[in-house]
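A.B. asks: need coordinates for the below:
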Amino acid sequence: SQLEEAMADLQTEIVRMGPLTATVGATGVVRANQSAILSFQTNGTVENVNVKQGDRVIADRVLATLDKKTVSSQIALAEADLVAAERALEDLLQSTQAQATAQLAVAQAEDALKDANYTLTVRQEGNRASGNTIKAAEANLILANEEVDVADQRYDHASGEAGKALALSNLIAAKQKRDSIQRNLNWYLGSPTEVEQALLEADVALAEARLDDAQREWERVKDGPTQGDISAAEARINAAEATLELARITAPFSGTVTTVDVMSGDQVSPGVPSFRIDDLSHLLVDVEISEVDINRIALDQPVSLIFDAILDVEYEGIVVEIGQVGISIQGVVSFPVIVEILDTDESIRPGMTAAVNIVVEQIDDVVLIPNRAVRVRDGMRVVYVMKDGVVEIVDVELGATSDQYSQLIEGDVSTGDNIVLNPPQFEFDFGSGQGFGGGRPF
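C.D. replies: The predicted model follows:
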């Protein structure tokens, strides 16, 4: 009969207590911790290629260079600019010439200001000469006038052409001497004109301004170069280095060269890929976790990974990042989660697909219900238990779930019961042998 055939095909499992490792499963793609596609930033001819595919390189390693004769003159001159900039920075940090020059400038400016102030003072009325100097000048003027009178009389009484000429020469000399003494006396007793006073005061103001400038420069350099000076010098170095970088490709981080697309002699253009570098020391797997399970995921949870391309090997990992914003695709919301592979080896390569199981809970001594045995009937989860040759339908409430078992929270199932793993598509009232609509698989 149909009932007997159904009973003969039933598979059962004895319910038992045991530990349960609850996991959340997903699939993802392996990627490197860091990846970079590198290219030249200028036109030129490749001169040297220093690496090959599979080489491990450290950060800043020069991977390839361009022939300097094929690049712009700006790049060719950058080496000289770099040397000059580095020397300027070294002088700035170590030389004391700037301090000495500034100190000398202050001293010279102070002397110039003193001279300007002295000149302004001594040229004022009453300051141009002492009383004795004025008296001496007045006395000299009297004597000089007498000499002029004597010379004038001798000229009047001179005879002969030669005598007249000599007397005239002496008279002129005496008058010049008298006039010079008179001018000096006038200067001693006088005062500067408005224009002269303005010029004297302008000389003082200019000397003061130059002293202020010298003192500011001294304050700036006396304690060594400022951070601004150092930053400016370093900026020159950075600019020269950036220009030189246009003619070469360097590794931005330590890693493995996974692609080499150039050879010596190749003509290259800006932006055309030449190398790819991947940090294979840290491999990550990007997975998407359903919104139903995301709150069960936490950082540092252990993970097991298996690969279709690597048979019979299970790898260990750990959750290192959990996305904070969900992504909706066709109405299904999931969150990005990143897993790091802890025991990676050369068998695992970026781009491989991994089956990921994240351990979200580890519990001991619970009643284990095989997932294969669970069905949904009238909105309730049920299992089929065989007792004394009779199959009974039992409502159950389940808790934590692994890939094979679920934790029994509530339900009339005990350890030692035989639970049916493959209940038929049509359920039977095993007492009457009549079939009725069955539940769908769990």
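
A.B. asks: so the spatially most central residue of the chain, which of the three states?
C.D. replies: Geometric centre of the chain, nearest residue: P252, 12.6 Å, by C-alpha atoms, centre = their mean. Look at P252: counting by DSSP: H, G, I helix; E, B strand; the rest coil, its state is coil.

A.B. asks: where does this structure dip in pLDDT?
C.D. replies: Applying pLDDT under 70 to the chain flags the ranges 1-8, 95, 425-442.

A.B. asks: which ones are touching the residue nearest to the centre of the chain?
C.D. replies: Contacts for P252 were tallied using C-beta atoms under 8 Å, 6 or more residues apart in numbering; they are A36, L38, A59, I277. The C-beta positions use only the backbone N, C-alpha and C, and glycine is treated the same way.

A.B. asks: and with 10 Å instead?
C.D. replies: Going by C-beta atoms under 10 Å, 6 or more residues apart in numbering, P252 touches Q34, A36, L38, A59, D60, R61, I277.

A.B. asks: what's the distance between it and A240?
C.D. replies: For P252, the distance to A240 equals 19 Å [C-beta to C-beta, to the nearest Å].

A.B. asks: what segments of the stretch 151-300 of the chain are strands?
C.D. replies: Using DSSP state E, counting those that start in this stretch, the strands assigned to the stretch 151-300 of the chain run over residues 248-250, 255-260, 267-268, 273-278, 283-290.

A.B. asks: need those strands in TSV (columns: distance to D152 and mean neighbour count).
C.D. replies: Converted to TSV, those look like this (distance: least, C-beta to C-beta, whole Å; neighbours: other C-beta atoms under 10 Å):
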stretch	distance to D152	mean neighbour count
strand 248-250	97	19
strand 255-260	110	18
strand 267-268	102	16
strand 273-278	106	20
strand 283-290	118	21
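
A.B. asks: make JSON lines from these and add distance to T96 to it.
C.D. replies: Supplementary listing: those in JSON lines, determined by distance: least, C-beta to C-beta, whole Å:
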{"stretch": "strand 248-250", "distance to T96": "36"}
{"stretch": "strand 255-260", "distance to T96": "45"}
{"stretch": "strand 267-268", "distance to T96": "47"}
{"stretch": "strand 273-278", "distance to T96": "45"}
{"stretch": "strand 283-290", "distance to T96": "54"}
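
A.B. asks: can you pull out the helices in the protein?
C.D. replies: Taking DSSP state H, the helices of the chain run over residues 2-9, 73-94, 97-122, 131-157, 161-189, 194-221, 227-245.

A.B. asks: include distance to E340 when you put the ones you listed into CSV, please.
C.D. replies: Converted to CSV, the helices of the chain look like this (distance: least, C-beta to C-beta, whole Å):
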stretch, distance to E340
helix 2-9, 46
helix 73-94, 40
helix 97-122, 53
helix 131-157, 98
helix 161-189, 96
helix 194-221, 52
helix 227-245, 32
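
A.B. asks: out of those helices, which comes closest to E314?
C.D. replies: Across these, E314 has its closest neighbour in helix 2-9 (33.8 Å, C-beta to C-beta).

A.B. asks: dig out what Q267 forms beta bridges with.
C.D. replies: Assessed by DSSP bridges, Q267 has beta-bridge partners T45.

A.B. asks: what's the distance between it and V71?
C.D. replies: Per C-beta to C-beta, Q267 is found 12 Å from V71.

A.B. asks: so what sits against both of those two?
C.D. replies: Common contacts of Q267 and V71 (C-beta under 10 Å, 6+ apart): N43, G44, T45.

A.B. asks: from those residues, which is closest to V333?
C.D. replies: Of all these, N43 has the smallest distance to V333: 48.2 Å, by C-beta to C-beta.

A.B. asks: quick check, the closest one in contact with V71.
C.D. replies: Yes - if you go by C-beta atoms under 10 Å, N43 and V71 touch, sitting 7.4 Å apart.

A.B. asks: so the closest residue to T259 other than its chain neighbours bridges to which residues?
C.D. replies: Nearest non-adjacent residue to T259, counting by C-beta to C-beta, 6 or more residues apart in numbering: R276, 3.7 Å away. R276 forms beta bridges with I37, T259, as assigned by DSSP bridges.

A.B. asks: and R276, what does it touch?
C.D. replies: The contact partners of R276, taken as C-beta under 10 Å, 6+ apart, are 32, 35-38, 53, 255-261.

A.B. asks: measure it to S264 for me?
C.D. replies: 19 Å.

A.B. asks: got it, and L368?
C.D. replies: Applying C-beta to C-beta, the value for L368 to S264 is 65 Å.

A.B. asks: what of Y384?
C.D. replies: 74 Å.

A.B. asks: so where do the strands sit in the stretch 301-442 of the chain?
C.D. replies: For the stretch 301-442 of the chain, the strands defined by DSSP E, counting those that start in this stretch cover 302-307, 310-322, 327-329, 332-341, 353-370, 375-377, 380-387, 390-395, 397-401, 405-410, 418-420, 427-429, 434-436, 440-441.

A.B. asks: so for L284, which of these sits nearest?
C.D. replies: Among the strands of the stretch 301-442 of the chain, strand 332-341 sits nearest to L284 (C-beta to C-beta), with 5.4 Å.

A.B. asks: mind saving the C-alpha coords of that closest one as PDB?
C.D. replies: Written as PDB, here are the backbone C-alpha positions of strand 332-341 (Å, rounded to 0.1, in the frame of the first residue of the first chain):
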ATOM      1  CA  VAL A 332      16.900  42.200  -0.700                       C
ATOM      2  CA  VAL A 333      19.000  44.100   1.800                       C
ATOM      3  CA  SER A 334      22.500  42.900   2.700                       C
ATOM      4  CA  PHE A 335      25.500  44.400   4.500                       C
ATOM      5  CA  PRO A 336      29.200  44.200   3.400                       C
ATOM      6  CA  VAL A 337      31.500  42.200   5.700                       C
ATOM      7  CA  ILE A 338      35.200  41.800   5.300                       C
ATOM      8  CA  VAL A 339      37.000  38.600   6.400                       C
ATOM      9  CA  GLU A 340      40.800  38.300   6.700                       C
ATOM     10  CA  ILE A 341      42.300  34.900   6.000                       C
END
